[in-house]
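S.K.: A predicted structure for the sequence below; I have some questions about it.
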Amino acid sequence: MARFSAPGKLFISGEWAILDVGNRGVVAAGNNRVHVTVQELGGYEGISITAPEFSVVDGRAKFINGKIVFMNLDEKTKETMKLLAAALQTALVFATEKGHAFKPFKISTSSKETRIVVDGVAKKIGFGSSAAVVVATVAAVLDYLGCTTSKEEIYKLSTIAHFYAQGKVGSAFDVAASTYGGVFIYSRFDPVWLTKQMESTKPLAAIVSEQWPGLFIEPLMLPNDLKLVVGWTKESASTSAMIKQLDVFKQSQPERYKTLMNDIAATARSVEVAWKQDNKERIIGLLQNNEKLLRQLTQASGVSIETPELKLLSDIAAKHNAGGKLSGAGGGDCGIAICYDDATARKIRNDWKATGLYPLDVTIDRDG
């Protein structure tokens, strides 16, 4: 039996600019984890999948000619399961190339920690549960088959699965958070390069072993007095849809797009420096500026990145001299506030709650 879990994600600085190769962001892992268990299966020469978050119990699949083929799911359910299918397929192809034979197994997932119940309905809270389930699935399947892998290999395999299942959009920073944990600097891989590699005749294992152009991951220290406060707007957002919308802005106003992205990227670089110096006042000021730039991006593009609720969240943080901003793509989901004492963190939570925002019991997860 193999049991693995992976944390969610929180973006500290550099959202949206991270999509352009060469730009860097500061990312953290959140301790709301996805759990995956893989164990031996008898009586069926395939895979049994139980994923309560997708309302799937004992979904059957087979690994045929390098592909995951569902046997008893309708088309709608197959669509909702495409991320998990991509994770299974990628892990199994890699294991096969490494000389590990397929063995029937049953896999179960749980992402309760990445959801919250509101008025009796479970809602996602924007912690990157899709990336976390991919990472945990890849790690668990490979472990079950006896295929020893490094975190770098798990990240790359999970990125390939996630990138293609999501329609080749996204920076995979959430995959990195789920794999490595802690706080780190991140610069995305070159998606054009990866696409060419995947369309070539190269084995998957060979692509994974390559030095990926653009990819950069560097761990950062986690100060003991750092207080990361997380608030939820009670609204969910679709990152992939927003990326497509922002691409329209990029094509129609390339100069304005470039200026804003350069400004966001420069701010994130400054956050890197201030973080390494443990310059608390500087970090707070930079995060407040990052939020202003994301507001400008919202106004210039017409894409609902900073919603009124996210603006309220950051304004309350700023009132208490903290660094408040949306975290991730925006459009709803979560925002953060960074401060360095318990009293300030408590005031922010209380004010958020009083205005209808939802403070979450989340901390930075040091482990991937």
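M.R.: In hand now; what should we look at?

S.K.: quick one: strands adjacent to the helix or strand hosting V229?
M.R.: In the assignment (DSSP states H and E), V229 maps to strand 227-232. In the sheet, strand 227-232 lines up against strand 334-339 (antiparallel), strand 358-360 (antiparallel) (DSSP bridges).

S.K.: return the distance of the shortest one from the chain's centre.
M.R.: The one in question is strand 358-360. Its chain's average C-alpha position is 19 Å from that of strand 358-360, according to Cα atoms, centre = their mean, to the nearest Å.

S.K.: repeat that for the first one.
M.R.: Distance, stretch centre to chain centre, for strand 334-339: 17 Å (Cα atoms, centre = their mean).

S.K.: identify the residues contacting it?
M.R.: 10, 12, 125-127, 226-233, 283-284, 287, 310, 313-314, 316-317, 320-328, 345, 348, 360 (Cβ atoms under 8 Å, 6 or more residues apart in numbering). Every C-beta, even on glycine, is put in place using the N, C-alpha and C of the backbone.

S.K.: may I have the phi/psi pair for the residue of the chain most remote from its centre?
M.R.: Among residues of the chain, the one most distant from the C-alpha centroid is G43; the distance is 36.2 Å, by Cα atoms, centre = their mean. G43 adopts backbone torsions of phi 80, psi 0, taken as degrees, to the nearest 10.

S.K.: check what pLDDT it gets.
M.R.: Per-residue pLDDT puts G43 at 92.

S.K.: what's the answer for E113, then?
M.R.: Listed pLDDT for E113 reads 61.

S.K.: tell me the first helix or strand C-terminal of the longest strand along the chain.
M.R.: Assignment by DSSP state E gives strand 24-40 as the longest strand of the chain. Proceeding N to C from strand 24-40, the next assigned helix or strand is strand 47-51, under DSSP H and E.

S.K.: ok, and what's touching that following strand?
M.R.: In this structure, residues lying in contact with strand 47-51 by Cβ under 8 Å, 6+ apart are 41, 56-63, 68, 81, 84, 88, 104-109.

S.K.: check stretch 304-321 too.
M.R.: Under the contact criterion Cβ under 8 Å, 6+ apart, stretch 304-321 has outside partners 16, 229, 231, 233-235, 242, 284, 288, 291, 294-295, 297-298, 323-326, 329-332, 335, 337, 339, 344, 347-348, 351-352, 355-357.

S.K.: out of the residues you listed, which sit inside strands?
M.R.: 229, 231, 323-326, 335, 337, 339.

S.K.: look up how far D361 lies from N32.
M.R.: Using Cβ to Cβ, to the nearest Å, we find N32 at a distance of 9 Å from D361.

S.K.: looking at the two, which one has more neighbours?
M.R.: Each of N32 and D361 has its neighbours counted (other Cβ atoms under 10 Å); N32 has more, 26 against 8.

S.K.: ok, now which ones touch T109?
M.R.: For T109, the contact set (Cβ under 8 Å, 6+ apart) comprises 34-36, 50-53, 84, 133, 136-137.

S.K.: again, 7 Å this time
M.R.: 34, 36, 51, 53, 133 (Cβ atoms under 7 Å, 6 or more residues apart in numbering).

S.K.: now stretch 64-76, how far from the centre of its chain.
M.R.: 26 Å.

S.K.: now do that stretch, average pLDDT.
M.R.: For stretch 64-76, the per-residue pLDDT averages 92.

S.K.: tell me the buried residues in that stretch?
M.R.: Neighbour-count burial for stretch 64-76 flags 68, 70, 73 (criterion: 16 or more other Cβ atoms under 10 Å).

S.K.: bridged to the second one, which residues?
M.R.: Put plainly, it is F70. Bridge pairing for F70 - DSSP bridges - gives A61.

S.K.: just the buried subset of the contacts of stretch 304-321, please.
M.R.: Looks like these have 16, 229, 231, 233-234, 242, 284, 288, 291, 294-295, 297-298, 323-326, 329-332, 335, 337, 339, 344, 347-348, 351-352, 357 buried, using 16+ other Cβ under 10 Å.

S.K.: what is the neighbour count of L220?
M.R.: 17.

S.K.: hmm, it is touching Y180, no?
M.R.: No - at 11.0 Å, L220 and Y180 do not qualify as touching, with contact defined as Cβ atoms under 7 Å.

S.K.: so what sits against both of the two?
M.R.: With the criterion set as Cβ under 7 Å, 6+ apart, the contacts of L220 and Y180 do not overlap.

S.K.: quick check, nearest of the buried residues of stretch 64-76 to F189?
M.R.: Using Cβ to Cβ, the shortest approach to F189 within these belongs to I68, at 23.8 Å.

S.K.: what's the helix or strand for the closest one?
M.R.: Per DSSP H and E: I68 is located in strand 67-70.

S.K.: quick one: low-confidence ranges for the chain?
M.R.: The model of the chain has pLDDT under 70 over residues 113-128.

S.K.: the top helix by length along it vs strand 24-40, what angle?
M.R.: Using DSSP state H, we find that the single longest helix of the chain is helix 254-277. Orientation check (axes from the mean of the first three to the mean of the last three Cα atoms, to 10 degrees): helix 254-277 against strand 24-40 gives 80 degrees.

S.K.: counting contacts, what elements does helix 254-277 pack onto?
M.R.: strand 2-13, strand 24-40, helix 280-301 (3 or more Cβ pairs under 7 Å, 6 or more residues apart in numbering; DSSP states H and E).

S.K.: how close does T80 get to S55?
M.R.: Taking Cβ to Cβ, one finds T80 at 8 Å from S55.

S.K.: so the two - more neighbours on which side?
M.R.: Neighbour tally, T80 and S55, criterion other Cβ under 10 Å: the higher count belongs to T80, 14 against 9.
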